[in-house]
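# Model the structure of this input:
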Amino acid sequence: MTEKVIFIDIDGVLLPLKEWKTPENAAILKTRPKGFMRHIRFNAEAVRLVVRLADLAGAKLVLSSNWRRTWGPDSDALMRKLVAEGLREDLWHKDWFLPVLGLKPRKFDEIFDWLDSH
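Residues are numbered from 1 along each chain as shown. All right, here's what the predicted structure looks like:
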């Protein structure tokens, strides 16, 4: 049986533009303290919808967002952030993020690479 996966982005999906303008997120963006991305809050309704979709579909999540580049080698911290925002750890595929292919990859190439290896 083929495993079901959902490739998920953060910006625009879990963190729509309007969410950057909330008082909490705007204050963080204004000062940009070290590690500020850890403090940015996602849209709670968007998170609930993604969780429900994954649960109903019986699918695992795979992160396709450029946040995997921003966080660099600290993937454990990024996973903690995702879980803290409500995206349960059990929702994620064991290979939970796309490979980073060079400096200017096309996201669909990274998705194809991930699919080829699975």
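
# Quick one: neighbours of residue 109, just the number.
Here the number of neighbours of residue 109 (other CB atoms under 10 Å) works out to 13. Any C-beta I mention is one placed from the backbone N, CA and C, and that applies to glycine too.

# show me the contacts for it.
Contact analysis of residue 109 by CB atoms under 8 Å, 6 or more residues apart in numbering lists residue 101.

# May I ask you to confirm that it belongs to a helix?
Yes. Applying DSSP: H, G, I helix; E, B strand; the rest coil, one finds residue 109 inside a helix.

# and the longest helix for the chain?
helix 44-57 (DSSP state H).

# Which neighbouring elements make contact with that one?
Packing contacts for helix 44-57, counted by 3 or more CB pairs under 8 Å, 6 or more residues apart in numbering; DSSP states H and E, involve strand 5-8, strand 60-63.

# Which strands and helices lie in contact with the worst-scoring helix or strand of the chain on mean pLDDT?
Ranked by mean pLDDT, DSSP states H and E, the weakest helix or strand in the chain is helix 67-70, scoring a mean of 82. Using 3+ CB pairs under 8 Å, 6+ apart, the elements in contact with helix 67-70 are helix 75-84.

# May I have the residues that are in contact with the closest residue in space to residue 7 that isn't next to it in sequence?
Closest residue in space to residue 7, ignoring its immediate chain neighbours: residue 64 at 4.3 Å, by CB to CB, 6 or more residues apart in numbering. Neighbouring residues of residue 64 by CB under 8 Å, 6+ apart: 7-9, 97-98, 107, 110-111.
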